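S.K.: Give me a 3D structure for the following:
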Amino acid sequence: MTGEALAEVRRSYAVHALTRELFADPTSALEYLEDTAPGRDVVLLDIGGYYAPSLDTLVDKFSGRILGVVEDTENGHQRYEALGQLPCPVFSVARSPLKDCEDHLVGRSIVFSTEAPVRTRGDILTSRDACVIGFGKVGRSIAQTLRAHDLRVVVYDSDPVKRVQAHAQGFRTTATCTEAIHKAGLVLSLRLRRHPARHRCTRHRSQP
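M.R.: Reported below is the predicted structural model:
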């Protein structure tokens, strides 16, 4: 959001500067809610599972009531799923068919934003070798958009089923992350969870 747009919104609504760190700490998360909505019934709208680390404390100690959480993303869905026993209802729309349209547009937006710094250098993405790590809904959209821009796209996903799906859609795939990024001039990673394949990939890219 631009500064001008933010100023316009602030003229009509209260806008709070929130950070991931704020809700990672149960004490600071509770203090924020008590300062913002003491004693009230609250529904938490989450985009990424950032309330998950503090949810038990918020439900147990907040002076109002946490009626539930609405989670929008797959990453957040997995964070709440990992909690096991939930202290309040959590409604996830991450895997709803209605999210497919949004995920497709997110993928296109990511490619557009990637192009911007390249264009400022007087360069273009066309005809480059590109690697997409993660072939979920957003990764699929990114791969398709890059291909539509005439990039040569290779796909890697730690899930062999996703690799088969990518191959069936005409993308070149690899069995390892290291192989996928070997010749890539552009790497876009959608793997948000920490897993061994990503660590190996990251270490390989950091070597001189």
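
S.K.: Kindly provide the distance from residue 74 to residue 7.
M.R.: Distance of residue 74 to residue 7, given as Cβ to Cβ, to the nearest Å: 33 Å. Heads up, the C-betas are built off the backbone N, CA and C, glycines and all.

S.K.: Could you do residue 44 as well?
M.R.: From residue 44 to residue 7 the distance is 26 Å (Cβ to Cβ).

S.K.: Tell me where the model's unsure across this protein.
M.R.: Low-confidence segments of the chain (pLDDT under 70): 1, 191-208.

S.K.: what ranges do the strands span in it?
M.R.: 41-46, 65-71, 90-92, 129-133, 152-156, 172-173, 186-189 (DSSP state E).

S.K.: The fifth one: partners in the sheet, and parallel or antiparallel?
M.R.: On the basis of DSSP bridges, the sheet neighbours of strand 152-156 come out as strand 129-133 (parallel), strand 172-173 (parallel).

S.K.: Likewise for the second one?
M.R.: Strand pairing for strand 65-71, using DSSP bridges, gives strand 41-46 (parallel), strand 90-92 (parallel).

S.K.: can I get those in JSON lines with mean neighbour count?
M.R.: JSON lines is the format used below for the strands paired with strand 65-71 (neighbours: other Cβ atoms under 10 Å):
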{"stretch": "strand 41-46", "mean neighbour count": "15"}
{"stretch": "strand 90-92", "mean neighbour count": "17"}
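
S.K.: Could you export those to JSON lines, including columns for distance to residue 132?
M.R.: Below are those laid out as JSON lines (distance: least, Cβ to Cβ, whole Å):
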{"stretch": "strand 41-46", "distance to residue 132": "26"}
{"stretch": "strand 90-92", "distance to residue 132": "24"}
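
S.K.: Out of the ones you listed, flag the one nearest residue 167.
M.R.: Nearest to residue 167 among these is strand 90-92 (29.3 Å), distances taken as Cβ to Cβ.
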